[in-house]
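J.: Sequence plus the predicted model coming up.
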Amino acid sequence: MAEFDYNGKKIETDDEGYLQNLGDWDKGLAEVLAKQENVTLTEKHWKLIEWIRDYFQKYQVAPAIKSLTKEVMNLENLPDKKEANKFIYELFPEGPAKQLAKIAGLPKPTGCV
Amino acid sequence: MKFGILIKDGPYMHQAMDTAYNFIVAAMEMGHEITGVFFYNDGVYNRSNALEPPIDERNIMKLLTDIELKGVRLIVCVAAGKRRGIVNKTVCEVNEISGLGQLLDLCIASDRMITF
Amino acid sequence: MLHIVKRSPYESSALNDSLKYIKEKDILLLIEDGVYSAKKGGKFENLLKGVLQNNEVFCLIADVKARGIEGSEIIENVKLIDYKGFVDKVCEQNPLMWA
Amino acid sequence: MSEQEKTKVMFVCRSAPYGNIFEQEAIEAMIMFGAYEQDISVSFIDDGVYSLKKGQDTSLLGKKNFSLTYMILKDDFEINHIYVEKESLEERGLNESDLITEVEVLDRNALREKMDEMKAFLPF
């Protein structure tokens, strides 16, 4: 468990930096979480953050990597999965499960796969 | 034959673990192979290292350790275990804590999959 | 298919639910509280007799004995088996547990 | 992997949601299984059909609404078939239009034929 102050509020995360209370998330906090991951958020990051949050809200689970790849192919007009994966890892070098989910304020992937 | 076993109930609310144990022992005596026992749902409680029943009661921890020593893989689902507090610190020694993929692997590797 | 029923028919619909799926040559195996279905004079005697017309029915002897049911109290033609018999039945047919 | 080499596994869901954990942990298993490129099907019979009912709102329970996840099980998580038993729906005064997602409604006999093809069942 770790703690830090954000806008006068105590934010709790687990040892890996995932939010403990998903309700804490807002865009400003996403910037803070991104900084902890050494990721500088651009418009491209935000598109994926919004998409994954929307998906989680709608279906109650985080998307499969496959769905994320498909979405990226659509959003960025990329020809194939390989290009999409490259794109995702350029934005989130340590992987979407780790960094995108964390910054977007989703729970830590259960690690079953 | 190769049997895969799925245990979904805890050690006390239901008889499932007892039936499964007797089934496993009988199958092994008959020369069949147990590909693995996967603990899911409340089944993960069977592998808590904090169980301490009175000494004149059947001790599921001991019984399972006996079959483990005979080479049977006992696999605790990591997600179901975490939810219920059955994690590295609280699970019996030499246990495998692993993902649900292992359950599917048991389905693939076994001639028969049986749920208790 | 091997249909295994482990709940008492008096508290659960598992027996009835399994019988909706029973086909010729399938086996019905009663274990744990499921063995109460096979007691003579009980509410489910006729239902089980109907099943016995087309299917074999087995009862796990350990569960029958534990519950104070004598062999003579078990519906005719329902066969008692031990855990090794249980293992044999699972070898014969693909099991589905009706809990 | 060819279709013949794939292992056919069927989740047999007979529990209504929320009264116990079976539905929730069954879904978690389904989601994981999809990634392994086997032939996975899910069948809803008996009270299991309630899991698919439209309009579930768990906000007052304070729990997650897993019925929403069924909408993407096939497309996003590679579950090959979702079957619902027709008789169980009818007994409960439900029909296909009451369900949250598109499924294959089969009568008992047809579902039993599917079961005969399975290598393994996972009852929940």
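T.: Nice, thanks for sending it over.
J.: The residue most central in space within chain C - nearest residue in space that isn't next to it in sequence?
T.: Nearest to the mean C-alpha position of chain C, by CA atoms, centre = their mean, lies residue C:30 at 2.8 Å. Among residues not flanking residue C:30 along the chain, residue C:59 sits closest, at 4.8 Å (CB to CB, 6 or more residues apart in numbering or on different chains). Where you see a C-beta, it was placed from the backbone N, CA and C, and this is true even at glycine.
J.: element containing the one you found, please.
T.: strand C:56-60 (DSSP states H and E).
J.: got the contact list for that strand?
T.: With contact meaning CB atoms under 8 Å, 6 or more residues apart in numbering or on different chains, strand C:56-60 is reached by B:19, C:27-32, C:35, C:38, C:48, C:51, C:74, C:77-83, C:85-86, C:89.
J.: Quick check on those: which are buried?
T.: Listed as buried from those are B:19, C:27-32, C:35, C:38, C:48, C:51, C:74, C:78, C:80-81, C:83, C:85-86, C:89; burial here means 16 or more other CB atoms under 10 Å in any protein chain shown.
J.: gap between the residue of chain C found nearest chain A and chain B?
T.: Proximity of chain C to chain A (CB to the nearest CB) peaks at residue C:97, 23.2 Å away. Here residue C:97 is placed at a distance of 5 Å from chain B (CB to the nearest CB, to the nearest Å).
J.: if I pick that residue, what's in contact with it?
T.: Counting by CB under 8 Å, 6+ apart, residue C:97 touches B:114, B:115, B:116, C:4, C:6, D:121, D:123.
J.: can you count the residues close to the last one?
T.: A count of nearby residues for residue D:123, using other CB atoms under 10 Å in any protein chain shown, gives 21.
J.: now do the fourth one
T.: Residues contacting residue C:4 under the criterion other CB under 10 Å number 29.
J.: And for the first one?
T.: For residue B:114, the tally of surrounding residues (other CB under 10 Å) stands at 25.
J.: Shouldn't it be within a strand?
T.: Yes. Judged by DSSP: H, G, I helix; E, B strand; the rest coil, residue B:114 forms part of a strand.
J.: Look up the closest residue to it, ignoring the ones flanking it.
T.: Spatial nearest neighbour of residue B:114, excluding adjacent residues (CB to CB, 6+ apart): residue C:95 at 4.9 Å.
J.: Give the bridge partners for the one you found, please.
T.: Residue C:95 forms beta bridges with residue C:2, as assigned by DSSP bridges.
J.: ok, it touching residue B:116?
T.: No. Counting by CB atoms under 8 Å, residue C:95 does not reach residue B:116; the two are 10.1 Å apart.
J.: how about the residues of chain B near chain A?
T.: B:77, B:78, B:79, B:82, B:99, B:100, B:101 (CB under 8 Å from any CB of the partner chain).
J.: What is the neighbour count of residue D:120?
T.: So residue D:120, with other CB under 10 Å, has 24 neighbours.
J.: what residues are up against it?
T.: Contacts of residue D:120 (CB under 8 Å, 6+ apart): B:4, B:107, B:110, B:112, B:113, C:94, D:7, D:8, D:9, D:10.
J.: In terms of helix, strand or coil, where does the residue of chain C closest to chain A fall?
T.: Applying three-state DSSP: residue C:97 is strand.
J.: how near is the residue most central in space within chain B to chain D?
T.: In chain B, the residue lying closest to the centroid (CA atoms, centre = their mean) is residue B:37, at 4.5 Å. Computed as CB to the nearest CB, the residue B:37 to chain D distance reads 14 Å.
J.: so that residue makes contact with residue B:77?
T.: No. Taking CB under 8 Å as the definition, residue B:37 is not a contact partner of residue B:77, at 11.4 Å.
J.: Show me whatever sits in contact with both of those two.
T.: What both residue B:37 and residue B:77 touch, as defined by CB under 8 Å, 6+ apart, is an empty set.
J.: Compute the number of surrounding residues for residue D:18.
T.: Using other CB under 10 Å, the number of residues around residue D:18 comes to 16.
J.: brain fart, residue D:86
T.: 19.
J.: so how far is chain C from it?
T.: Using CB to the nearest CB, residue D:86 is found at 12 Å from chain C.
J.: and what of residue A:33?
T.: For residue A:33, the distance to chain C (CB to the nearest CB) stands at 43 Å.
J.: All good on my end, thank you.
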